[in-house]
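In: From the sequence below, what's the structure:
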Amino acid sequence: MSATPHAGLLPLYLALYDECLPDLRPQVAAFAAEVAQSLRGAGLRVSEAPICTVRPEFEAALADLVAADVALVVTLHLAYSPSLESVDALAACGKPIVMLDTTPDADFGRHVDPALLLANHGIHGVQDLAAMLRRRGAAYRVVAGHLSDPEPLRRTAELARAALAARRFGSMRALRVGFPFAGMGDFAVEEETLRRRLGIEASEIAADALAPFAAAVTDEEIDAEVAADRAAFQADLPADVHRTSVRVGLGLRRALEAGGYGAFSVNFQAFVQADGPVCTVPFLECCKAMARDVGYAGEGDLLTASLVGALLAGWEGVTFTEMFCADWQGDGLFLSHMGEVNPASAAATPRLYEKAYPFSPAQNPATLACALRPGPATLVNLSPGPDESFRLIAAEVEVLEDGTHAARLDWIRSWVRPQAPVARFLETYSQLGGTHHCALMPGIRHEALAEFARIAGLEFWPVEAGR
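Out: Here you go, the predicted structure:
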């Protein structure tokens with residue numbers, strides 16, 4: 001469900017060639033069109049600027065791309081292009097810049113016809129412009145390689161997703177339902193700091209404030225949602241438990257939609273009523289919200305909730321989680337949480353069941369249980385530091401196959417193995433100040449997360465095998 005990142009493709013060319021070699025332009029224009037189509041094939045929405053050669057053309061093209069609200073600008077040198085024609089407009093455009101360093105031909109060895117030089121010499125234009133962007137203090141990323149290799153296109157698409165995620169993060173509206181968990185300090189950040197430093201607009205309501213929204217939910221709406229749940233999940237719970245959770249959940253959904261919130265956090269301790277329209281913890285809706293790309297974290301943590309919501313703008317299957325237990329013998333970690341998981345991250349159809357709830361008089365909630373999908377993944381944490389600094393910590397992990405204990409079916413669960421031995425990983429993670437709330441995203445995402453951190457104004461710290 002993640003949005004398709006919108007990239008602006010800016011082709012750079014040399015005016016001299018239009019004067020002296022006019023037959024070359026149709027050839028390079030065809031290559032620009034091929035690159036645009038390849039970027040679309042990599043999962044991007046692409047707005048193509050006209051081929052630009054001189055300063056006024058670059059200024060007009062970039063103004064149009066900014067007006068089209070692209071997430072980033074991808075430059076493409078179709079030949080050498082003097083940097084002073086484009087650098088000022090690029091440096092001032094306010095968009096992340098990816099320089100795609102590629103050429104039409106993969107082979108330019110000693111046997112190649114020198115006539116191919118004219119169509120394949122854009123790389124020194126990349127070098128000219130990159131050097132000048134650096135001198136201007138403008139941030140940029142270079143992705144190099146031939147289009148026959150899928151890696152440059154994949155990396156460019158990842159950087160576009162990072163730009164989209166960073167933009168969402170910097171304009172996030174986040175809602176806390178209930179109070180923060182008493183005494184839990186690692187993720188606690190003052191609302192004014194969230195707004196001023198990160199652009200996150202935070203709000204808080206009591207659990208009872210959901211009552212008008214939940215009371216307005218109709219039986220027909222509950223019927224439809226119950227039917228959708230039974231089609232999506234392995235339902236194994238009493239009908240009344242399911243309907244009660246759906247009513248509270250739909251009330252929460254309406255509150256989020258009414259406020260335009262892209263992230264939220266629920267503190268289960270705030271749900272204390274045994275009767276009325278808000279008589280259970282809406283764990284099920286917390287799960288389904290993440291599947292709709294709404295960020296979530298538990299216990300009042302709006303910082304991690306906003307991180308999850310931002311990452312969901314770029315990548316599917318991101319989920320809130322915690323490191324609960326170290327498997328010293330198996331050299332791994334057990335990840336879980338009470339009743340919140342993104343079902344899009346599940347290895348198989350999640351189980352929908354009644355969860356025993358001993359923490360207050362509230363009724364037992366309906367929630368999901370599942371194992372997370374095996375394979376490479378990235379564990380991501382956003383850690384507040386001194387002087388209103390924030391550190392993004394990322395660790396490559398392998399999500400392992402599901403466990404074997406008979407009681408596991410009632411758990412949200414995942415066993416992961418970091419690159420480093422688990423003892424060293426835990427030492428490094430806590431030495432970096434990592435909090436106990438995390439996001440887990442499928443795939444290895446270090447380059448994209450580094451770009452996300454740069455745009456969002458965060459430190460970036462990858463936890464690697466050698467650290």
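In: Please name the nearest non-neighbouring residue to residue 195.
Out: Nearest residue to residue 195, sequence neighbours excluded (Cβ to Cβ, 6 or more residues apart in numbering): residue 201, at 5.9 Å. In this view, the C-beta of every residue, glycine as well, is placed from N, C-alpha and C.
In: hey, what's that neighbour bridged with?
Out: Counting by DSSP bridges, residue 201 is bridged to residue 173.
In: shouldn't it be in contact with residue 172?
Out: Yes - using Cβ atoms under 8 Å, residue 201 makes contact with residue 172 at a distance of 7.0 Å.
In: So which of these two has more stuff around it?
Out: Neighbours were counted for residue 201 and for residue 172 using other Cβ atoms under 10 Å; residue 172 has more, 24 against 19.
In: give me phi/psi at residue 142?
Out: Reported as degrees, to the nearest 10, the phi and psi values for residue 142 are phi -110, psi 130.
In: what sits against the closest residue in space to residue 105 that isn't next to it in sequence?
Out: Once flanking residues are discounted, residue 105 sits nearest to residue 120: 5.3 Å by Cβ to Cβ, 6+ apart. Going by Cβ atoms under 8 Å, 6 or more residues apart in numbering, residue 120 touches 103-105, 108.
In: For the closest residue to residue 264 other than its chain neighbours, list the residues it contacts.
Out: Taking Cβ to Cβ, 6+ apart, and ignoring the residues beside it in sequence, residue 264 has residue 175 as its nearest neighbour in space, at 4.3 Å. Listed by Cβ under 8 Å, 6+ apart, the contact partners of residue 175 are 202-205, 255-256, 259, 261, 263-265, 302.
In: again, only this time at 10 Å
Out: Neighbour list for residue 175: 201-205, 209, 252, 255-256, 259-266, 294, 302, 305 [criterion: Cβ atoms under 10 Å, 6 or more residues apart in numbering].
In: before we move on, back to that, any shared contact partners between residue 201 and residue 172?
Out: Counting by Cβ under 10 Å, 6+ apart, the residues touching both residue 201 and residue 172 are 194, 261-262, 302, 306.
In: Just name the closest of these to residue 446, please.
Out: residue 306 (20.7 Å; Cβ to Cβ).
In: Domain-wise, how is this protein divided?
Out: According to automatic domain parsing, the chain comprises the domains 6-169, 173-463.
In: Turn those into a markdown table, including mean pLDDT.
Out: Formatted as a markdown table, these follow (pLDDT from 0 to 100):
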| stretch | mean pLDDT |
| --- | --- |
| domain 6-169 | 95 |
| domain 173-463 | 96 |
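In: other SSEs contacting the helix or strand encompassing residue 157?
Out: When elements are assigned from DSSP states H and E, residue 157 belongs to helix 150-169. For helix 150-169, the packing partners by 3 or more Cβ pairs under 10 Å, 6 or more residues apart in numbering; DSSP states H and E come out as strand 6-12, helix 24-41, strand 72-77, strand 97-101, strand 141-144, helix 302-314, helix 446-456.
In: Can you list the residue ranges for strands in the stretch 201-350 of the chain?
Out: With DSSP state E, counting those that start in this stretch as the definition, the stretch 201-350 of the chain shows strands at residue ranges 201-205, 234-236, 263-266, 295-298, 319-327, 332-336.
In: need those in a markdown table with distance to residue 126, can you?
Out: Shown next, in a markdown table, are those (distance: least, Cβ to Cβ, whole Å):
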| stretch | distance to residue 126 |
| --- | --- |
| strand 201-205 | 39 |
| strand 234-236 | 53 |
| strand 263-266 | 38 |
| strand 295-298 | 36 |
| strand 319-327 | 38 |
| strand 332-336 | 42 |
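In: of the contacts of residue 175, buried ones?
Out: Among the contacts of residue 175, those buried by neighbour count (16 or more other Cβ atoms under 10 Å) are 201-202, 204, 252, 255-256, 261-266, 294, 302, 305.
In: With respect to residue 346, which of those is nearest?
Out: Checking those one by one against residue 346 (Cβ to Cβ), the nearest turns out to be residue 294, at 17.3 Å.
In: Surely that closest one is in contact with residue 288?
Out: Yes - assessed by Cβ atoms under 10 Å, residue 294 is found in contact with residue 288 at 8.9 Å.
In: Next one: the residue nearest the centre of the chain from residue 443, what distance?
Out: Using Cα atoms, centre = their mean, the residue of the chain that lies closest to the mean C-alpha position is residue 311, 1.6 Å off. Noted for residue 311: a distance of 11 Å to residue 443, by Cβ to Cβ, to the nearest Å.
In: Need the overlap of contacts for these two.
Out: Jointly contacting residue 311 and residue 443 under the rule Cβ under 10 Å, 6+ apart are 317, 378.
In: Next, the residue nearest to residue 264: phi, psi?
Out: Torsion angles, degrees, to the nearest 10, at residue 175: phi -120, psi 130.
In: who's residue 380 bridged to?
Out: With DSSP bridges applied, residue 380 shows beta-bridge pairing to residue 394, residue 439.
In: thought it was touching residue 314?
Out: No - assessed by Cβ under 10 Å, residue 380 is found out of contact with residue 314, at 11.9 Å.
In: Tell me which of the two has more neighbours.
Out: residue 314 (28 against 23).
In: Contacts only, for that one.
Out: 2-3, 5, 71, 157-168, 293, 441, 445, 448, 452.
In: Please report the distance of the residue nearest to residue 105 from residue 80.
Out: 11 Å.
In: Now for the closest residue in space to residue 178 that isn't next to it in sequence: which residues touch it?
Out: Once flanking residues are discounted, residue 178 sits nearest to residue 270: 2.6 Å by Cβ to Cβ, 6+ apart. Residue 270 sits next to 176-181, 205-208, 210, 278, 281, 300, 360, 362 when contact means Cβ under 10 Å, 6+ apart.
In: Most neighbours among those, which one is it?
Out: Neighbour counts for those peak at residue 281, which has 33 neighbours (criterion: other Cβ under 10 Å).
In: thought it was touching residue 266?
Out: Yes - with contacts counted by Cβ under 10 Å, residue 281 reaches residue 266, the gap being 6.9 Å.
In: Report the set of residues contacting both of the two.
Out: Applying Cβ under 10 Å, 6+ apart, one finds that residue 281 and residue 266 are jointly contacted by 177-178, 207, 339-340.
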